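[1] pasting the sequence and the predicted coordinates here, then a few questions.
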Amino acid sequence: MKKLLLGNAAVAQGAYEAGVRLVSSYPGTPSTEITECMATYPAEEVFVEWAPNEKVAAEAVIGAAIAGGRAMTCCKHVGLNVMADPVFTDAYIGVGGGAVFCVADDPGMHSSQNEQDSRHYAKASKIPMLEPADSAECKEFTKAAFALSEQFDTPVFVRLSTRVSHSQSLVELCDREEQPLKDYEKNIPKNVMMPAMAIGRHVFVEERTRRLAAYAEHCAFNTVERNGSEIGVITAGISYQYAKEALGDRVNYCKLGMVWPLPEQMLRDFAASCREVYVIEELDPFLEEACLAMGLPVKGKQLFTLLGEYTPSMIRKGILGEEPAPFSAPREALPARPPVMCAGCPHRGTFYVLSKLGLVVSGDIGCYTLGAAAPLSSVDTTICMGASVSAAHGMAKVRGSEFAKKLVSVIGDSTFIHSGITGLIDIVYNKGINTVIILDNSITGMTGHQDNPTTGKTIRGEATRQVDLIGLCRSVGIDHIKVADPFDVKHFEAVVRQEVEREEPSVIIAQRPCALLKKVRYTGHCRVSDRCRKCKVCMKLGCPAISLEPGTGAVSIDVTQCNGCGLCVGVCPFHAIEKEEN
Amino acid sequence: MGTMNIMIVGVGGQGTLLASRILGNAVVRRGYDVKVSEVHGMSQRGGSVVTYVKYGDRVYSPVIDRGEADIILAFELLEAYRALPWLKQGGKIIVNTQRINPMPVITGAAEYPENIGEKLGALADLTAVDALELARRAGSEKAVNVVLIGVMAKSTAIPYEEWLDTVRTTVPEKFLDINLRAFELGYQL
């Protein structure tokens, strides 16, 4: 049966068909739906979990594989940075049951803080990497990755990109092939990576890479398509689709489904058969540099950008010199429409107060990164998961306690568990006085509502022990912990003022659930009465429902956007905004 | 057949994703090769959202280039205007006449362009629809997406009954009646 599937859903289907027994991941766009889809398969066939972070997830997968079961973790490109430590050493240990690390890059940074190219990890860690180009290949390659993993005693990367992960195309569905657990045997030289053993395993790794390179020459992942042209294109993944659409049958293709290690002889033969050879790949010149190192006269980044996503027209222009299709364009500059916090977002109350107090805000990764956007413009820094806490510690230490009293960290509940808690321990241990605000909205928001250790539910929605944030903070040595509702603006402001002044570290838990959660039911909508004095305080909230009437400067509330959360009612100094029930 | 390129644009939260899925499922039933490209994550939070649906004998790129969309289905006026460069010469724009102010307009840093409908009408084959009003009539403002799919359905070779079947199998059971009414109101326009 053929079905229209998202690339991510197809990866999940491939892993399911391959008999995967354990999937452990931390959510991250554009990889999240793989693990969500895994949780739709029967619990008795596959154990699926959200782990506290990517490193924990990868280690669970490595353990499962050592114990003889097929296992997979899925992350976004920056998640691979978090899990790099166990991944590099697992390259030495290898597997029992097959282990797959699925990583989704985000060219164009649709939802990311950088544009790193994960292929470098394959080369650096000496782990083979497959790269599917559509949903059908997502399924086939993922399934094959488990077999490859066991055949060569290596973990295997499957690399995706946003347009592969988040495009639907047709996939042929098959039944699951149950895999018996491999025998578990104690094997110290293979599984205990201390110097004496690792030295031996490094020899194995280099020899394995040679065997994988030989395998790459003839494997089904890599294909050559000859169309009788003098032009050749070496490409992989989504770039193949762009090239194929742009150039059709007018060039020859060498499509690499395995992007590490590379089939040197195949590339040499392909290049020798063409007068001109181009490498088409988004982001870094990974394949191009490998070809140049082989002495092949290929052209790539001298024609095509290192930045963002490619398009067929860009490729057509670059290689054939053909102009793009004609089009009409607006004759005026259009206002941008950047993402904003939703109407009713609990973070809006928090950032309104922080902005009003003029505090330096060490930010983090989540919906609340949008606290940097106008008009709140509250967030000063965003680096990576957890850095709001640890970077603020560094800031406070170099600039002293007066600066520390004008500084807060903001971090979501899930991000705090991911890697904020370690920074908090650093602050306590090394005698910092920082204030950390945990934005507890009862869910992992930005990636689309995943449960986490603070929500009390597993990925399958079963009840489980809930991390007690207050108890956790107290146990690491925080004596001052306040829980406050960011929509009770006056109280929240008083709490923040009090805690930042303190000569000791403190935590404020800003508690209010995400407005998009089903359990949150705001009703009615807000309305501006004739008491309005046009002071524009409400405009500082950056609420998508509140705007100024052009010309008159009167405030109006769009009832199609307003969800009746009532934050503006509390903020208005003249009590001019009223709640109206429908 | 060659590839049919349909671009769906709107504001995060308007339900463009469901619209693209209904469309994708409808064309799969006809035996076409199809690719549907979606957006998830940060850009969904009230920002401009763009999804692409491409179908034909064989589809390669899931993304539509400038000047190559046969139909632009726009959930909001400004987003229709923003998408104009993607329209093929002679292509068709179906636009919901709803206006949603983006943050730079709300804060006063920019102005919402005037008379977008007229400007688009001068440059393209335009169908303007008050889909929000029709959605309200169907029973929920959230059904704007299915109203617009209904309007667009008439521009395709897919029979009415097949569209209804696809709506039935794609939307959540709970909202089926509202969505069937919404489709009908769009289709009858």
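    That came through fine. Worth saying up front: this structure is predicted, and the values here are computed from it rather than measured.
[2] hey, let's count contacts and neighbours off CA atoms from now on
    Noted.
[3] now do the helices in the stretch 451-582 of chain A.
    Secondary structure of the stretch 451-582 of chain A, counting by DSSP state H, counting those that start in this stretch: helices at A:469-475, A:489-501, A:567-571.
[4] tell me the spacing between residue A:551 and residue B:111.
    Between residue A:551 and residue B:111 the computed distance is 11 Å (Cα to Cα, to the nearest Å).
[5] would you mind finding the most buried of the helices of the stretch 451-582 of chain A?
    Ranked by mean neighbour count, those are led by helix A:567-571 with a mean of 22 (mean count of other Cα atoms under 10 Å in any protein chain shown).
[6] confidence score at the closest residue to residue A:488 other than its chain neighbours?
    Among residues not flanking residue A:488 along the chain, residue A:570 sits closest, at 7.5 Å (Cα to Cα, 6 or more residues apart in numbering or on different chains). You'll see residue A:570 listed with a pLDDT of 94.
[7] for the helix-or-strand element of chain A with minimal mean pLDDT, packing partners?
    Sorting the helices and strands of chain A by mean pLDDT, DSSP states H and E puts strand A:546-548 at the bottom, at a mean of 91. Applying 3 or more Cα pairs under 8 Å, 6 or more residues apart in numbering or on different chains; DSSP states H and E, we find strand A:546-548 packed against strand A:555-557, helix B:103-106.
[8] each with direction, which strands does that strand pair with?
    Paired strands of strand A:546-548, with direction, are strand A:555-557 (antiparallel) (DSSP bridges).
[9] mind checking how far the strand it pairs with is from the chain centre?
    In terms of Cα atoms, centre = their mean, to the nearest Å, the centre of strand A:555-557 is found 36 Å from the chain centre.
[10] what does it rub up against?
    Residues from elsewhere that reach strand A:555-557, judged by Cα atoms under 8 Å, 6 or more residues apart in numbering or on different chains: A:526, A:527, A:528, A:532, A:534, A:536, A:545, A:546, A:547, A:548, A:549.
[11] wait, which of these is closest to residue A:282?
    Taking Cα to Cα as the measure, residue A:282 sits nearest to residue A:545 out of the contacts of strand A:555-557, at 38.4 Å.
[12] who are the contact partners of that closest one?
    Taking Cα under 8 Å, 6+ apart, we find residue A:545 in contact with A:343, A:557, A:558, A:559, A:560, A:561, A:562.
[13] residues touching residue A:22, list them.
    Residues in contact with residue A:22, defined by Cα under 8 Å, 6+ apart, are A:46, A:47, A:48, A:61, A:64, A:69, A:70, A:71, A:72.
[14] list the buried residues of stretch A:180-197.
    Buried positions in stretch A:180-197, judged by neighbour count with 16 or more other Cα atoms under 10 Å in any protein chain shown: A:190, A:191, A:193, A:197.
[15] let me know the secondary structure of residue A:416.
    With DSSP: H, G, I helix; E, B strand; the rest coil as the basis, residue A:416 sits in helix.
[16] so the nearest residue to it once chain neighbours are set aside versus chain B, what's the distance?
    In space, and not counting its chain neighbours, residue A:416 is closest to residue A:386: 6.3 Å by Cα to Cα, 6+ apart. Noted for residue A:386: a distance of 18 Å to chain B, by Cα to the nearest Cα, to the nearest Å.
[17] hmm, residue A:412 and residue A:366 touching each other?
    Yes. Contact criterion Cα atoms under 8 Å: residue A:366 and residue A:412 qualify, at 6.9 Å.
[18] of those two, who's got more company?
    Between residue A:366 and residue A:412, counting by other Cα atoms under 10 Å in any protein chain shown, residue A:412 is the more crowded of the two (30 against 22).
[19] bridging residues for the more buried one?
    Beta-bridge partners of residue A:412, counted by DSSP bridges, are residue A:439.
[20] residue 37: neighbour count?
    All of this refers to chain A. The number of residues packed near residue A:37 is 17, by other Cα under 10 Å.
[21] ah, no, chain B please
    Neighbour count of residue B:37, defined by other Cα under 10 Å: 28.
[22] any low-confidence regions in the chain?
    No chain was given, so I picked chain A. For chain A, applying pLDDT under 70 flags no range at all.
[23] ah, no, chain B please
    For chain B, the ranges with pLDDT under 70 are B:41-44.
[24] tabulate the helices of the stretch 451-582 of chain A in CSV, adding columns for distance to residue A:315.
    Shown next, in CSV, are the helices of the stretch 451-582 of chain A (distance: least, Cα to Cα, whole Å):
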stretch, distance to residue A:315
helix A:469-475, 52
helix A:489-501, 53
helix A:567-571, 50
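[25] all helices of chain B, in order?
    Secondary structure of chain B (DSSP state H): helices located at B:16-29, B:77-83, B:103-106, B:116-123, B:131-138, B:144-153, B:160-170, B:176-187.
[26] tell me which of those lies nearest to chain A.
    helix B:103-106 (4.8 Å; Cα to the nearest Cα).
[27] quick one: that closest one near chain A?
    Yes. Remark: helix B:103-106 sits within contact range of chain A at B:103, B:104, B:105, B:106, by Cα under 8 Å from any Cα of the partner chain.
[28] residue A:179 contacts residue A:19, doesn't it?
    Yes. Counting by Cα under 8 Å, residue A:179 does reach residue A:19; the two are 5.4 Å apart.
[29] overlap of the contact sets of the two?
    Here residue A:179 and residue A:19 have residue A:70 as joint contacts, going by Cα under 8 Å, 6+ apart.
[30] burial check on residue B:108, number of neighbours?
    By other Cα under 10 Å, neighbour count at residue B:108 equals 14.
[31] that one: what's it in contact with?
    Residues in contact with residue B:108 (Cα under 8 Å, 6+ apart) are residue A:548.
[32] report the separation between it and residue A:323.
    Counting by Cα to Cα, the gap from residue B:108 to residue A:323 is 38 Å.
[33] tell me the bridge partners for the nearest residue to residue B:8 once chain neighbours are set aside.
    Distances taken as Cα to Cα, 6+ apart put residue B:73 closest to residue B:8, at 4.8 Å, once the chain neighbours are dropped. In this entry, residue B:73 is beta-bridged to residue B:8, residue B:94, by DSSP bridges.
[34] ok, now which ones touch residue B:73?
    By Cα under 8 Å, 6+ apart, the residues touching residue B:73 are B:6, B:7, B:8, B:9, B:80, B:93, B:94, B:95, B:148, B:152.
[35] quick one: contacts for the last one?
    Translated: residue B:152. Neighbour list for residue B:152: B:73, B:94, B:187 [criterion: Cα under 8 Å, 6+ apart].
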